[in-house]
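mind looking at a prediction? Sequence and model below.
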Amino acid sequence: MDLRLDRLTVVTDGRSLVHELSLEVAEGQVVGLVGPNGSGKSTALRCVYRALRPTRGTVRVNDDDLTRLTPRRSARLVAAMTQDGSVDLDFTVEEVVALGRAPHLRGNQALGRAERDLCRETMERLGIHHLARRGILTLSGGERQRVLLARALVQEPKVLVLDEPTNHLDVRHQIELLRLLRGAGPAVLVVLHDLNLAAAACDRIGVLSQGRLVTAGTPEQVLTTDLVADVFGVRATVVPHPLTGDPQLLYSLDPSR
Ligand SMILES: Nc1ncnc2c1ncn2[C@@H]1O[C@H](COP(=O)(O)OP(=O)(O)OP(=O)(O)O)[C@@H](O)[C@H]1O
C-alpha cells in the first residue's frame, strides 16, 4: 500500500504552516523529509497520523482518505513514532509495546500467543528485551525511543511515520534503526535532521522550506551544494561515500571555507 499526500495544506491563525505539499511513498520505500527548523515537517507528519486535520488537501493510503476512516481503521494502517508520542504513565516496557496491538483487538481482549511472540521477537530485534519489566519512565532517551519504535512495529502498519527517530540514539543504534526501516515492508515517511543519514537510509528525499516542498528526488538528485546553501544557508562539499556511493556532505566550521 502506498501513502499519498496531495496538496496538503495546514493553516493556523492565518499562516500556512504547510502549503500544497504533494508527496508519495510507495510500499517498501523509505522517503525522508528534511528541512530547516520550523519548515513544517512535524506538522505534515501530524496530518498523516491524524493528530492534526489538514485545512485543505488529502492524505491517502491507497484509495482511502485517512480523515474519512474511523480512528480504529486508520490506526491499523498507520503507526507513528513521534516526539509527542511519549508515554507519561509508568507502564512497563512490555505493556507499552503490547499497546501497539490495540487497534487489532476488541475491547479488553487479551493478546493471543502469536501476538505475544511478535512483541517478544520485536523487543529482541531492537535490543530491548532485557528491559521488558522495567518502567518506561526509568529508561534513557535512546532506550525509550527503541521501545516506541517496537510499539509502532508490532502494530504491523501499512504506513510508518517517524519524527526524528534517531535524535536520542548513539551511532550504532542510529544505523541499526535506519537499516531496520529499509527492510520493514511498510511505506515509511521519516523526518531526519542528519542529511548524511538521510542520504544513506532513504530511497527518496523531500525538502521542505517555509512549509513548501522545494524539491524531491533521489539523494543524489536532491543533496547538492546549491540546495544545501539555498535551503539551510550552509556551505557544504558533497562527496560520494567511498564504499556505497551515497552523497555525503562535509561541512567546515570556518565560514570562509
Ligand atoms: N499549533 C500551532 N500553532 C501555531 N504555530 C504552530 C503550531 N504548530 C506549529 N506551529 C509553527 O509552525 C511552524 C512549523 O512547525 P513544525 O513543528 O512543523 O516544524 P519542523 O519543520 O518540524 O521543525 P523542527 O525541525 O524545529 O522540529 C513553526 O514555525 C511552528 O512554530
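Nice, I can see it. Residues are numbered from 1 along each chain as shown.

which residues does residue 43 contact?
Counting by Cβ atoms under 8 Å, 6 or more residues apart in numbering, residue 43 touches 10, 17, 18, 52, 211. In short, each C-beta sits where N, CA and C put it, glycine included.

okay, now the third one: neighbour count?
Right, residue 18. Residue 18 has 30 neighbouring residues, counting by other Cβ atoms under 10 Å.

can you check the first one too?
The burial metric for residue 10, expressed as a neighbour count using other Cβ under 10 Å, is 22.

which residue is nearest the centroid of the chain?
The centre of the chain sits closest to residue 162, judged by Cα atoms, centre = their mean, with a distance of 1.7 Å.

let's verify it: helix, strand, or coil?
Look at residue 162: counting by DSSP: H, G, I helix; E, B strand; the rest coil, its state is strand.

ok, it touching residue 191?
Yes: if you go by Cβ atoms under 8 Å, residue 162 and residue 191 touch, sitting 6.9 Å apart.

so which of the contacts of residue 43 also contact the ligand?
residue 17 (Cβ under 6 Å from any ligand atom).

let's have the contacts of residue 43 in TSV, adding pLDDT and secondary structure.
TSV is the format used below for the contacts of residue 43 (pLDDT from 0 to 100; DSSP: H, G, I helix; E, B strand; the rest coil):
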residue	pLDDT	secondary structure
10	98	strand
17	97	strand
18	98	strand
52	94	coil
211	97	coil
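
now, which of the contacts of residue 43 sits nearest the ligand?
For those, the minimum distance to the ligand (Cβ to the nearest ligand atom) is 4.0 Å, reached by residue 17.

hmm, residue 208 and the closest one touching each other?
No: using Cβ under 8 Å, residue 17 makes no contact with residue 208, being 10.4 Å away.
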